[in-house]
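**Q** only geometry, no sequence info:
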DNA sequence: CTGCATCCTGGCCGATACTG
DNA sequence: CAGTATCGGCCAGGATGCAG
């Protein structure tokens, strides 16, 4: 497969991933959709206190454009729209878990040893 | 251990991690330090074309403050300073690999199935 | 209910110049 | 060599109001 060889290429690829997750609210939205949860716009507005309507819509649209979430519009009045993760979005879990586990390492690694390998260089 | 239970807590933890990696140059700097590489200030300036001295110093200081890199000053003239990853910084690799692998999934998952679990909920 | 349009602010970041 | 100091542009994102 095409593992990145140069630091620059690897950095670019990871940056592309980070860019999908960046933004003040994306992760929190994602976490409210994991495990197959389906949420309406108003659900998310309630679940994410402090988010403005503009940002809620904007971040959801970006997540949709990036292929992470599916937006479903029900043609009815009053309008109903719901959001759920795509399979690819669900597949983010292991990566987020890896970050969580890494951050948990901090406690035991303020003093420690070494040994590591470069990402992409299995 | 304390795996996050609520989406809010998990989101906060992952966001904290992302915040360490955010910034225009952090990842590229990190990738130039993986595998135990030791780089001087001027090495990094050369390895990362386009970065200004201000940003180079600033991002390195942040990485140092966040416990990802070690800054070593050699008291001599001309001055010499080098940077290397802390053990915790090295331990970032698996997490970055997970993101790389996730992004590689995109190809095969534009059409797909489902099933996933929430991060932190092993 | 579910958004988009507009205005505005803070902070990131680049450019340039200067220092021990 | 390895930074610090200063100025300023740009834009993510908050507040508010309007629309289908």
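**A** Alright, I've got the coordinates. Everything numeric in this text was worked out from a predicted model, so none of it was measured.
**Q** Please name the nearest non-neighbouring residue to residue A:38.
**A** Distances taken as C-beta to C-beta, 6 or more residues apart in numbering or on different chains place residue A:84 nearest to residue A:38, at 4.6 Å, with adjacent residues excluded. Every C-beta, even on glycine, is put in place using the N, C-alpha and C of the backbone.
**Q** For the one you found, give me its contacts.
**A** Listed by C-beta atoms under 8 Å, 6 or more residues apart in numbering or on different chains, the contact partners of residue A:84 are A:33, A:36, A:37, A:38, A:39, A:69, A:70, A:72.
**Q** Apply 7 Å and report the result again.
**A** By C-beta atoms under 7 Å, 6 or more residues apart in numbering or on different chains, the residues touching residue A:84 are A:33, A:38, A:69, A:70.
**Q** And it, its phi and psi?
**A** phi -150, psi 160 (degrees, to the nearest 10).
**Q** contact partners of whatever helix or strand residue A:30 lives in?
**A** Per DSSP states H and E, residue A:30 falls inside helix A:26-31. For helix A:26-31, the external contacting residues (C-beta under 7 Å, 6+ apart) are A:21, A:44, A:48, A:59-60, A:63, A:92, B:7-8, B:10-11, B:14-15.
**Q** pLDDT (mean, whole number) over that helix?
**A** Across helix A:26-31, pLDDT averages out at 96.
**Q** Okay, and the beta partners of the residue nearest to residue A:38?
**A** residue A:70 (DSSP bridges).
**Q** just to revisit the earlier point, how about JSON lines for the contacts of residue A:84, with neighbour count and distance to DNA strand D added?
**A** As requested, the contacts of residue A:84 are exported to JSON lines (neighbours: other C-beta atoms under 10 Å in any protein chain shown; distance: C-beta to the nearest atom of the strand, whole Å):
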{"residue": "A:33", "neighbour count": "25", "distance to DNA strand D": "18"}
{"residue": "A:38", "neighbour count": "12", "distance to DNA strand D": "20"}
{"residue": "A:69", "neighbour count": "24", "distance to DNA strand D": "16"}
{"residue": "A:70", "neighbour count": "16", "distance to DNA strand D": "20"}
